[in-house]
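K.L.:
Test case, fold it:
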Amino acid sequence: MITPEFCQMMARYNAWQNEQTRAAAEKLTEAELRADKGAFFGSIMKTLNHLLWGDLLWIARFDGGAGPDVGPDEGLEMTPTLAVWSAERFRTDGRIRQWADKVLNVDLTGDITWFSGAQNRDVTVPVAQAVVHFFNHQTHHRGQVHALLTAAGQTTGDTDLVFMPEDQKWL
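P.N.:
Numbering: from 1, shown residues only. Coordinates of the predicted model:
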């Protein structure tokens, strides 16, 4: 289904998009970042926090490192400011890239099992499916943030994978 090269490309894409998101979000006031805009998680900050929380949860499943210290509800407030979020986001994106740079074809085979607090049971899925979900989850929620930032008058730049600066061969 997927390859190490796919994981590396998507890890680069994730970091690129998060940097553009950060730059656009920095132009907003704290009140604008925290205002409930009727989105699924309410505000830009809560959505950014959910995205970070989810990334920490999934990368911990893949690399065996630490996951988030809080549950999904508390995860919406896991960073108190955009500056703290930005630092955590940078570290997490580096961790994701390190994992992707080391992943082998064999690592993407077989099943992965974890206890799902949301479902209150063990869940087992193919590793490749979990990795695709991981990257899709990022893109989905960043799309929500993109819409909120655009509605707030900000521009995040290109979001198409084919325009990723580190991957000019796509052009």
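
K.L.:
middle-most residue in the chain, spatially?
P.N.:
Centre of the chain computed as the mean C-alpha position; nearest residue by C-alpha atoms, centre = their mean is residue 138, 3.8 Å away.

K.L.:
host element of residue 122?
P.N.:
strand 121-126 (DSSP states H and E).

K.L.:
What segments of the chain are strands?
P.N.:
111-116, 121-126 (DSSP state E).

K.L.:
what does the model give residue 169 for pLDDT?
P.N.:
Listed pLDDT for residue 169 reads 49.

K.L.:
what bridges to residue 122?
P.N.:
residue 115 (DSSP bridges).

K.L.:
which residues touch residue 61?
P.N.:
67, 112, 114, 130 (C-beta atoms under 8 Å, 6 or more residues apart in numbering). For the C-beta atoms, the positions are set from N, CA and C on the backbone; glycine is no exception.

K.L.:
Kindly apply the preceding question to residue 22 instead.
P.N.:
82, 86, 89.

K.L.:
rerun at 10 Å
P.N.:
48, 82-83, 85-86, 89-90, 156 (C-beta atoms under 10 Å, 6 or more residues apart in numbering).

K.L.:
Residue 37 now?
P.N.:
By C-beta under 10 Å, 6+ apart, the contact list for residue 37 reads 43-44, 46-47, 144, 147-148, 151-152.

K.L.:
Please apply the same query to residue 50.
P.N.:
40-42, 72-73, 75-76, 78, 137, 141, 144-145 are the contacts of residue 50 under C-beta under 10 Å, 6+ apart.

K.L.:
Residue 52 and residue 139, how far apart?
P.N.:
15 Å (C-beta to C-beta, to the nearest Å).

K.L.:
So which of these two has more stuff around it?
P.N.:
residue 52 (23 against 16; other C-beta atoms under 10 Å).
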